[in-house]
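Trainee: sequence unknown, structure follows:
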């Protein structure tokens, strides 16, 4: 799978990029999951946006939320892959890249996510552990999960 990754703060997104991000998020979160909700939540303005491109098609996306916006820790949110590009491990690549980029931006910080409950095992495979009780958000069961930053190993 040939994916080109790019990441930008909100103010550097082109109108075309922003349109494709919103289009993909609506396609999956609103239409596919049949979940009408307020996607434009004012957090995007403060986030970095990780985009996975296959040619000119946006096929994978997350937003990296700074600490203090959603949680005390930085967060990876709006994790989404295009239905047309699934079943080839793209979701796994997206999460790996999202963790790498989050750790570059926020060195030595844990990462917290709000995960749909049915994806718990998927996120556990990246080192996230459940850190809240189940709660319902937009009609879907969720849990908070935290990936603790491991202490740096000394080379001495």
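Mentor: Ah, there it is. Predicted model, so just to flag it, every value in this text is computed and none were measured. Numbering: from 1, shown residues only.

Trainee: Quick check, pLDDT for residue 156.
Mentor: pLDDT, residue 156: 45.

Trainee: Use 287 as the first number for this chain going forward.
Mentor: Sure thing, new numbering starts at 287, so read that last one as residue 442.

Trainee: Now do the buried residues in stretch 360-371.
Mentor: 360-368, 371 (16 or more other C-beta atoms under 10 Å). All C-beta spots, glycine's among them, are computed from the backbone N, C-alpha and C.

Trainee: ok, now stretch 289-296?
Mentor: Neighbour-count burial for stretch 289-296 [16+ other C-beta under 10 Å]: residue 293.

Trainee: for the helix or strand containing residue 384, packing partners?
Mentor: Per DSSP states H and E: residue 384 is located in helix 376-391. Applying 3 or more C-beta pairs under 8 Å, 6 or more residues apart in numbering; DSSP states H and E, we find helix 376-391 packed against strand 334-340, strand 343-351, strand 361-367, strand 397-402, helix 406-410.

Trainee: Residues contacting it, please?
Mentor: Here helix 376-391 makes contact (C-beta atoms under 8 Å, 6 or more residues apart in numbering) with 287, 289, 291, 293, 334, 336, 338, 345-348, 350, 360, 362, 365, 367, 395, 397, 408-409, 411-412, 433, 435.

Trainee: Make a PyMOL selection of whichever of those residues turn out to be buried.
Mentor: Remark: buried members of the contacts of helix 376-391, expressed as a PyMOL selection using 16+ other C-beta under 10 Å:
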select buried, resi 293+334+336+338+345+346+347+348+350+360+362+365+367+395+397+409+412+433
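
Trainee: List the pairing partners of the helix-or-strand element of the chain with minimal mean pLDDT within its sheet, with orientation.
Mentor: Taking mean pLDDT, DSSP states H and E as the measure, strand 421-423 is the helix or strand of the chain with the lowest mean score, a mean of 91. In the sheet, strand 421-423 lines up against strand 426-433 (antiparallel) (DSSP bridges).

Trainee: pLDDT below threshold where in this protein?
Mentor: The chain contains residues with pLDDT under 70 at 287, 436-442.

Trainee: same thing but at 90, please
Mentor: 287-288, 314-327, 341, 369-374, 394, 423-426, 435-442 (pLDDT under 90).

Trainee: what helix or strand is residue 294 on?
Mentor: strand 290-295.
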